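Peer 1: fold the following, please.
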Amino acid sequence: MNDTIKVISNHRSIRKFKKEPLTTDQIHTIIGAAQQASTSSYVMAYTVIGITDETVKAKLKEVSGQEYVEENGHFFVFCADLNRIYQQASAEEQKAMQESLESTEQFLVSTIDTALVAQNTVIAAESMGLATCYIGSLRNNINRVNDILELPDYVVPLFGMAVGYPDENPDRKPRLPIEVVYHENKYNKDRQFQQKLIDSFNEELKMYYQTRSKNTRTDTWSEQMVRKYKKAIRMDVTTFIKNKKLNKR
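Peer 2: Reported below is the predicted structural model:
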């Protein structure tokens, strides 16, 4: 196992950071590495916003409800961004581009590009001895985040990321068996085979929750997923995306 695989395999979300800010060199090194992620047709349809203003951090923390949005070494917000491309065109060309930019395909392109850059950010930061945590809860009030960051049309805030020096060492959380998520040649629709593996994983996860170093509980993956999807949340995101002139067609 090489060093890169070790870094990736050792990932865990850190929610408690030391009060030590990242340097400008560290930030630029991380984002520079992140930019080497693959990008569809070279569009690079993303923008990363670093939050250095404590007032802005506090506002984002209010949206998220997570203390570590404020208390970290540096906070990033990852945005899908087709505005930059739109601004390259003349007014006449912009009209011709509108149908394409507003398509579901281009919305997927921009969100995938952004996710790839974000995961490169995680790997780069963790390879430097730093820790990370994705913050999807910025979408708890996506309109508020949009206003705080003053985002133009064709730009959507997807998630945040806290980065810094870890001040905790949580247990590594189990993942689904490889056979559940990796299929060969076609989708494996053998539900009995899949469920047997998931049942075994549920027992493993139950033991993890019962024996981890803190916040113990009794729970399984299947129970978590049913609870999660029985309750619809963030239903305002659909309207917000369309109001930003994305995913309309």
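Peer 1: quick check: domain ranges of the chain?
Peer 2: Domain assignment for the chain, taken from automatic domain parsing, gives 3-170+232-243, 178-221.
Peer 1: from the ones you listed, which stretch is densest packed?
Peer 2: Among the domains of the chain, domain 3-170+232-243 has the highest mean neighbour count (mean count of other CB atoms under 10 Å), at a mean of 17. The way it works is simple: take the backbone N, C-alpha and C, and place the C-beta from them, glycine included.
Peer 1: span of it from start to end?
Peer 2: Length of domain 3-170+232-243, first residue to last, CA to CA, to the nearest Å: 44 Å.
Peer 1: could you list the low-pLDDT ranges of the protein?
Peer 2: Under the criterion pLDDT under 70, no range of the chain is flagged.
Peer 1: now do the strands in it.
Peer 2: Using DSSP state E, the strands of the chain run over 46-51, 74-81, 131-135, 155-164.
Peer 1: will you turn these into TSV that also has distance to residue 33?
Peer 2: Listed next are the strands of the chain as TSV, based on distance: least, CB to CB, whole Å:
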stretch	distance to residue 33
strand 46-51	12
strand 74-81	13
strand 131-135	13
strand 155-164	13
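Peer 1: show me which helix runs longest in this protein.
Peer 2: Criterion DSSP state H: the longest helix present in the chain is helix 104-127.
Peer 1: let's see it as PDB, backbone CA atoms only.
Peer 2: C-alpha atoms of helix 104-127 as PDB (Å, rounded to 0.1, in the frame of the first residue of the first chain):
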ATOM      1  CA  THR A 104     -29.700  19.300 -16.900                       C
ATOM      2  CA  GLU A 105     -26.600  18.000 -18.700                       C
ATOM      3  CA  GLN A 106     -24.600  21.200 -17.900                       C
ATOM      4  CA  PHE A 107     -25.900  21.200 -14.400                       C
ATOM      5  CA  LEU A 108     -24.500  17.700 -14.000                       C
ATOM      6  CA  VAL A 109     -21.200  18.800 -15.600                       C
ATOM      7  CA  SER A 110     -20.800  21.700 -13.100                       C
ATOM      8  CA  THR A 111     -21.700  19.600 -10.000                       C
ATOM      9  CA  ILE A 112     -19.500  16.800 -11.100                       C
ATOM     10  CA  ASP A 113     -16.600  19.100 -11.800                       C
ATOM     11  CA  THR A 114     -17.100  20.700  -8.400                       C
ATOM     12  CA  ALA A 115     -17.200  17.400  -6.600                       C
ATOM     13  CA  LEU A 116     -14.000  16.200  -8.200                       C
ATOM     14  CA  VAL A 117     -12.200  19.400  -7.200                       C
ATOM     15  CA  ALA A 118     -13.500  19.000  -3.700                       C
ATOM     16  CA  GLN A 119     -12.300  15.500  -3.300                       C
ATOM     17  CA  ASN A 120      -8.800  16.500  -4.600                       C
ATOM     18  CA  THR A 121      -8.900  19.200  -1.900                       C
ATOM     19  CA  VAL A 122      -9.500  16.600   0.800                       C
ATOM     20  CA  ILE A 123      -6.700  14.300  -0.500                       C
ATOM     21  CA  ALA A 124      -4.300  17.200  -0.800                       C
ATOM     22  CA  ALA A 125      -5.100  18.600   2.600                       C
ATOM     23  CA  GLU A 126      -4.900  15.200   4.400                       C
ATOM     24  CA  SER A 127      -1.600  14.400   2.700                       C
END
